[in-house]
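**Q** kindly return the folded structure for what I paste below:
(4 chains, ligands or ions: 2)
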There are 2 protein chains.
Amino acid sequence: MIRISKKVEYALMALKFISQSDNKLVTAREISDTKKIPYDLLSKILQKLKNENILLSNQGTNGGYSLNKRTDEIYLYNLMNMLDGDIAVAECMYETKEKDCSLEDSCSIKSEVAKLQKEVEDLFKNKTISDFV
Amino acid sequence: MIRISKKVEYALMALKFISQSDNKLVTAREISDTKKIPYDLLSKILQKLKNENILLSNQGTNGGYSLNKRTDEIYLYNLMNMLDGDIAVAECMYETKEKDCSLEDSCSIKSEVAKLQKEVEDLFKNKTISDFV
DNA sequence: CTAATTTGGACTAATATAGTCCTATTTGAA
DNA sequence: TTCAAATAGGACTATATTAGTCCAAATTAG
Ligand code: SF4
Ligand code: SF4
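**A** Ligands and ions are numbered 1, 2, ... in the order given. Prediction:
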C-alpha cells in the first residue's frame, strides 16, 4: 500500500496547529481535543518530535510544546522517517540492512525498483511542512 | 508505509519473464521455479492478469500464458490497482467511498494530502511495464 | 501539597499483506 | 478413454504492520 501513516497525518496536523498559535505553548490535550486525535498516541508523537528537535517542550503545569524549527526547515521525508522508520518501496531498499529479501538472487527488477525508490524519495524530500500549513 | 506489494513485484517479474520468452507459452510453474515465487500466489496473480486482459491463457496440457498487450501499454498504476486495489495515500482518498476517515470534519490537511495523492498517482501513471523489462 | 502536564515502557487490537490448501475444470496425448 | 499437465478459483491461515490503550513516573506552577 502506498500510504501516509496516521502518525504522520497526526504530526502534520499538530505541527500546523502549533505553528498557528504563535508563541503560546500548546498542550497535547488541546490538540487532541480540537483535532480529535487519540490523546495517548498524539503524546507519543509529540515526544518523538521533541526528541528529534522539531519541537521544544515544557513540563509541568502550564507546560506544552512550541516549534523549534521553521516549518520550511522540516522535510516531510524526515518526518516520515522519524515516525515510521525507513522509507523503502521494497524489502531490499532499506538503508539499514535489517531486512533481507529472499528473492534477491533471482530478482530481475531490483535496479528498476531502485529507480522508483529514488523517485519516491525525491517526492517526499521536496516537500516541507510549510506546504501543509 | 510507502511500499510496492509483493504481489506487484511478482507480477512485474512474471510479465518480464513472459515478455522475454517470445511467443512461446509460459507456465506458472516455470516462472515460479526460476524466480522462486510461491506457486499458488503466483497462480492467483496470473489469473487476475488474465481476467484483466493483460495476459492470454491456455488451459490444459501444454497450456500457459502469453502477453495480450505491449509492455508499454501496461501502466504500473493500473497493475497496482488491479492487484492491491485503490491507491490512496490516506483513508479519505479512496475513489470508491468504501473507507471513511472519522477525522474528516476536524481535518486541517486534507487539501494538501489531496495534492500529494495527485503527485503519487502521476508518478505511477507515468511508468509502464516496459520500464521494468 | 496538588493538579496539570510531559515522559516513556509495555501491552493489545485492528488491519493489511503474504502465503497455503484443496478441489474443480480443461485439454493434449498415450 | 484414461491420465497427466495445466489453468481456475474459493476458503483458509499466518505474519507483519499500523493504530490505539494502559499505566506509572517525573516535572513544575501555584
Ligand atoms: S530483491 Fe527484488 S523481489 Fe526482493 S525486494 Fe528487492 S525488488 Fe523486491
Ligand atoms: S485525517 Fe484528514 S487527510 Fe487523513 S484521512 Fe482523515 S480526512 Fe483524510
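**Q** switch to C-alpha atoms for all contacts and neighbour counts from now on
**A** Noted.
**Q** measure the residue most central in space within chain A to B:Leu103 for me?
**A** For chain A, A:Leu79 is the residue whose C-alpha lies nearest the centre (Cα atoms, centre = their mean; 2.7 Å). In this view, A:Leu79 and B:Leu103 are 21 Å apart by Cα to Cα, to the nearest Å.
**Q** what does A:Asp72 give?
**A** Counting by Cα to Cα, the gap from A:Asp72 to B:Leu103 is 25 Å.
**Q** let me see the contact set for the nearest residue to A:Ile2 once chain neighbours are set aside.
**A** Of all residues not flanking A:Ile2 in the chain, B:Ile2 sits nearest, at 4.5 Å (Cα to Cα, 6 or more residues apart in numbering or on different chains). Listed by Cα atoms under 8 Å, 6 or more residues apart in numbering or on different chains, the contact partners of B:Ile2 are A:Met1, A:Ile2, A:Arg3, A:Ile4, A:Ile87, A:Ala88, A:Val89.
**Q** can you do 10 Å?
**A** Contact criterion Cα atoms under 10 Å, 6 or more residues apart in numbering or on different chains gives A:1-5, A:80, A:84, A:86-90, A:117, A:120-121, B:89 as the residues in contact with B:Ile2.
**Q** out of those, which is nearest to DNA strand D?
**A** Comparing these against DNA strand D with Cα to the nearest atom of the strand places A:Ser5 closest, at 3.7 Å.
**Q** what score does A:Leu55 have for pLDDT?
**A** On pLDDT, A:Leu55 comes in at 98.
**Q** I meant to write A:Gln59 there.
**A** pLDDT for A:Gln59: 97.
**Q** tell me the secondary structure for the residue in chain A positioned nearest to DNA strand D?
**A** Going by Cα to the nearest atom of the strand, DNA strand D is nearest to A:Gly60 of chain A, at 3.1 Å. Using DSSP: H, G, I helix; E, B strand; the rest coil, the structure places A:Gly60 in coil.
**Q** how near is it to B:Leu76?
**A** 52 Å.
**Q** okay, these two: which has more neighbours?
**A** Applying other Cα atoms under 10 Å in any protein chain shown to A:Gly60 and B:Leu76 shows that B:Leu76 carries more neighbours, namely 22 against 7.
**Q** wait, doesn't the more buried one sit right on B:Asp84?
**A** No - the pair B:Leu76 and B:Asp84 fails to qualify as a contact (Cα atoms under 10 Å) at a distance of 11.8 Å.
**Q** spit out the residues that contact these two alike.
**A** By the contact definition Cα under 10 Å, 6+ apart, B:Leu76 and B:Asp84 are jointly contacted by B:Val8.
**Q** tell me who's in contact with the residue lying closest to A:Glu52 once chain neighbours are set aside.
**A** In space, and not counting its chain neighbours, A:Glu52 is closest to A:Met82: 7.7 Å by Cα to Cα, 6+ apart. Going by Cα under 10 Å, 6+ apart, A:Met82 touches A:Val8, A:Ile45, A:Lys48, A:Leu49, A:Asn51, A:Glu52, A:Leu76.
**Q** any idea whether A:Ser57 is helix, strand or coil?
**A** strand.
**Q** for ligand 2, see how far away it is.
**A** Counting by Cα to the nearest ligand atom, to the nearest Å, the gap between A:Ser57 and ligand 2 amounts to 24 Å.
**Q** and for A:Ile45?
**A** Distance check for A:Ile45 against ligand 2: by Cα to the nearest ligand atom, it reads 15 Å.
**Q** in a helix, that residue, correct?
**A** Yes - checked against three-state DSSP, A:Ile45 lies within a helix.
**Q** next, count neighbours for it.
**A** 20.
**Q** so which residues on chain A come close to DNA strand D?
**A** Within reach of DNA strand D by Cα under 7 Å from any atom of the strand, chain A has these residues: A:4-7, A:38-41, A:58-62, A:84.
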